[in-house]
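# Generate a structure from the sequence data that follows.
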Amino acid sequence: MDQYEAYKQKMEAELELVQAKLAEFKAQMKISAADAQLKYGRQVDEIEQKLDAMKVKFKELSESGEDAWGDVKEGVENAWATLRATVAEAAAKLKQ
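Okay, here's the model as predicted:
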């Protein structure tokens, strides 16, 4: 497996993990009291926005092909760092 395919598979797996965490947050939101639902709702909305941005970057990566993937890698890495930070921040806030 070349670097491009390995990197692509890694990013796909990372997206799956975030989607699973988002599903967990949504499930927690459904069973929470009204005040907590507002708190979860804001966090879920923020994660969904960052996840959508990451999906766009991942699509660019997928469409770039082996020759040009290095050109979009930085954008993917930046979007991933933002998404990861948002998920971590949301998890910390929701544990309070």
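# so how far is the helix-or-strand element of the chain with minimal mean pLDDT from its chain's centroid?
Here the helix or strand of the chain ranked lowest by mean pLDDT, DSSP states H and E is helix 34-95, holding a mean of 85. Put simply, helix 34-95 sits 3 Å off its chain's centre (Cα atoms, centre = their mean, to the nearest Å).
# cool, stretch 88-96 as well?
For stretch 88-96, the distance to the chain centre is 15 Å (Cα atoms, centre = their mean).
# go on, stretch 27-43?
The answer for stretch 27-43 is 19 Å, by Cα atoms, centre = their mean.
# start to end distance for that stretch?
One end of stretch 27-43 sits 13 Å from the other (Cα to Cα, to the nearest Å).
# how about that stretch: buried residues?
By 16 or more other Cβ atoms under 10 Å, the buried positions in stretch 27-43 come out as 29, 39-40, 43. Placement of C-beta: from N, CA and C, glycine included.
# Repeat that for stretch 9-20.
Quick answer for stretch 9-20 (16+ other Cβ under 10 Å): 11, 14-15, 18.
# May I see the residues you listed organised as JSON lines, with secondary structure, distance to residue 70 and pLDDT added?
Shown next, in JSON lines, are these (DSSP: H, G, I helix; E, B strand; the rest coil; distance: Cβ to Cβ, whole Å; pLDDT from 0 to 100):
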{"residue": "11", "secondary structure": "helix", "distance to residue 70": "14", "pLDDT": "92"}
{"residue": "14", "secondary structure": "helix", "distance to residue 70": "18", "pLDDT": "93"}
{"residue": "15", "secondary structure": "helix", "distance to residue 70": "20", "pLDDT": "94"}
{"residue": "18", "secondary structure": "helix", "distance to residue 70": "23", "pLDDT": "94"}
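# if we can go back for a sec, which among the buried residues of stretch 27-43 gets closest to residue 78?
residue 43 (21.0 Å; Cβ to Cβ).
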